[in-house]
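K.L.:
quick one, fold the following:
(chains A and B)
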Amino acid sequence: MKVSKCDPRLAKYLIEQYGGADGELAAALRYLNQRYTIPDKVIGLLTDIGTEEFAHLEMIATMVYKLTKDATVEQMEAAGLGGHLVDHGFDLYYHNAAGNPFTVACLTAKGDPIANLYEDIAAEEKARATYQWLIDITDDADIQDGLRFLREREVIHALRFREAVEMLKGYQEEKKVF
Amino acid sequence: MSTGLPKEYYRLLEELQTVDFVLLELSLYLDTHPDDPQAIAQVQQFYLRRQGLVQQFETQFGPLQEYAHSPTVMGWPWAEMPWPWQV
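P.N.:
Next up is the predicted model:
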């Protein structure tokens, strides 16, 4: 991840995708938790996308780390990160842009493969929207580059989940023939 | 940390990331289209290309993978490697 400048203000916004409800951690935990009970045909997809989300989490963390590592206490405070600083110093923490700590209350597991997959599609679309807001809020070309890549991944994931819904619909219809 | 690394480190790493991305995309595609022989042939092709790149990188710069999944001949270079957020 290329990050060319120190910009704690941007880091404060980016942290949304680290510890926010529609962020990468939430996505990874949501998919990897659904794997155990989903029909076999879709376990591979949930495993692969869930794992990819952890890689994205590392990308976001790298951006936040590099944007803040050379900041002064004054710069952190001016960026609205004074509260973060007194609790965590320069450590990263799983909270959203507003400073609320990550909670799994944002995740659901409905015991129904179709309901779960529609939740996954919605999650990808929400994450895509968040990335768009982040791209709009910064003019840092390097960061925008990384964020555009991540936004496109959300589009692909949503597409694959839509295909998975169709696969399961076919599978359920097959079962009814019995 | 990043200042001491040669250009070749970044060149090989970028090529490896590109190949890894192709393999990732093919994997997700095959998860929902498992019967596409063309995609399977591409996986095979890029798998071999990746093997060559990994060997080239690890010979020059050290292990890429944790849990000793990379060859270690002398010492324990894993902990000395720069981490992704340091390069």
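K.L.:
pick out the residue nearest the middle of chain B.
P.N.:
Centroid-nearest residue in chain B, with CA atoms, centre = their mean: B:L16, separated by 4.6 Å.
K.L.:
what helices and strands are in contact with the helix or strand hosting A:Y171?
P.N.:
In this structure, A:Y171 sits in helix A:141-176 according to DSSP states H and E. In terms of contacts (3 or more CB pairs under 8 Å, 6 or more residues apart in numbering or on different chains; DSSP states H and E), helix A:141-176 is packed against helix A:40-68, helix A:113-137, helix B:7-32. For glycine as for every other residue, the C-beta is placed from the backbone atoms N, C-alpha and C.
K.L.:
number of residues surrounding A:K110?
P.N.:
Using other CB atoms under 10 Å in any protein chain shown, A:K110 has 11 other residues around it.
K.L.:
check contacts around the nearest residue to it once chain neighbours are set aside.
P.N.:
Nearest non-adjacent residue to A:K110, counting by CB to CB, 6 or more residues apart in numbering or on different chains: A:N116, 5.7 Å away. Residues near A:N116 by CB atoms under 8 Å, 6 or more residues apart in numbering or on different chains: A:34, A:38, A:108-110.
K.L.:
ok, A:D142 next?
P.N.:
So, once contact is read as CB under 8 Å, 6+ apart, A:D142 ends up touching A:2-4.
K.L.:
close enough to count as contact, A:L92 and A:M63?
P.N.:
No. Using CB atoms under 8 Å, A:L92 is not in contact with A:M63; the gap is 10.5 Å.
K.L.:
next up, phi/psi of A:H95, please.
P.N.:
phi -140, psi 170 (degrees, to the nearest 10).
K.L.:
do the same with the one 5 residues further on
P.N.:
When quoted as degrees, to the nearest 10, the phi and psi of A:N100 stand at phi -80, psi 130.
K.L.:
so B:V54 sits in a helix?
P.N.:
Yes. When classified by DSSP: H, G, I helix; E, B strand; the rest coil, B:V54 is found to be part of a helix.
K.L.:
ok, how many other residues are close to it?
P.N.:
By other CB under 10 Å, 18 other residues sit near B:V54.
K.L.:
excluding chain neighbours, what is closest to it?
P.N.:
Closest residue to B:V54 apart from its sequence neighbours, by CB to CB, 6+ apart: B:L64 at 6.2 Å.
K.L.:
list, one by one, the residues from chain A near chain B.
P.N.:
A:1, A:42, A:44-45, A:48-49, A:52, A:58, A:61-62, A:65-66, A:156-157, A:160, A:163-164, A:167 (CB under 8 Å from any CB of the partner chain).
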